[in-house]
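S.K.: what follows is a predicted protein model with its sequence.
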Amino acid sequence: MNVIALTDLHGRKNILTALAPELESADLLLLCGDNTHFGKQKEMEEIVNGLRGKISAIYAVTGNCDYPEAEKYLTREGISLNATVKKHAGYTLVGLSGSLPCPGKTPNEYSEEEYEAILGALSIPAGEPLLMVSHQPPFNTLNDAVSPGFHVGSKSIRKFIEKYQPLVCFTGHIHEGRAVDRIGDTLVVNPGPSGAGNFTSALLEENEVKNIRLRNLFNPDAI
């Protein structure tokens, strides 16, 4: 299964047009939040409609810069992964929207305790390959470092990863956290802001990650 992951698009729909050739060759698109830039239903609907016809399957979480109306739209369309477990092509998908409280108030924030409660209420099937999509990155990785030695990720999300060991946790939120890291057997991947042309491509086969790459539309040779 070929997977494309985008995060922090912040409403830049022109990027989706430029990504069309990549999307048409993929099996699954994962939107990892901040899909709009403080947008509501209309803005989220425009993004989803711009993707339909380019990709066979889309699932998404929202970010701290997406309003609750954007989440409600995704839920009505059967696209939202927030606080839920879905099956796709033999894989179990689980997602988490929003972020921990930010220095400036944003419309979609959760406390660490709320994240812990949401994750604790999920029923994760045993023995099935698991993929996680979380706008908020886990604590103490390359993906949540805002400066050397200063991490702003979620400890609740890290505990969940340590317990269930998904194959991959696709994340975002921290624009400077573009990296591939690892927690145990789990790859933690922040594609970097897709509004700047960044995305991740992953090849999954036989319940294994065969290949995963950080890519950029405007610099194909970038790592």
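M.R.: Sure, I can see it.
S.K.: show me what contacts the nearest residue to residue 138 once chain neighbours are set aside?
M.R.: With sequence-adjacent residues excluded and distances taken as Cβ to Cβ, 6 or more residues apart in numbering, residue 138 is closest to residue 158, at 3.9 Å. (C-beta placed from N, C-alpha, C; glycine too.) Going by Cβ atoms under 8 Å, 6 or more residues apart in numbering, residue 158 touches 138-141, 183.
S.K.: and the two most separated of those?
M.R.: 139 and 183 (9.5 Å; Cβ to Cβ).
S.K.: so where's this protein uncertain?
M.R.: By pLDDT under 70, the weakly predicted segments of the chain are 221-223.
S.K.: which parts of it are strands?
M.R.: With strands called from DSSP state E, the chain shows them at 2-6, 28-32, 58-61, 85-88, 91-96, 130-134, 145-147, 150-151, 168-171, 179-183, 186-190, 198-205, 208-216.
S.K.: tell me the most buried of these?
M.R.: strand 168-171 (a mean of 29; mean count of other Cβ atoms under 10 Å).
S.K.: that one pairs with which strands, parallel or anti?
M.R.: strand 130-134 (parallel), strand 186-190 (parallel) (DSSP bridges).
S.K.: report the separation between residue 94 and residue 57.
M.R.: Relative to residue 57, residue 94 is positioned 16 Å away (Cβ to Cβ, to the nearest Å).
S.K.: many thanks, have a good one.
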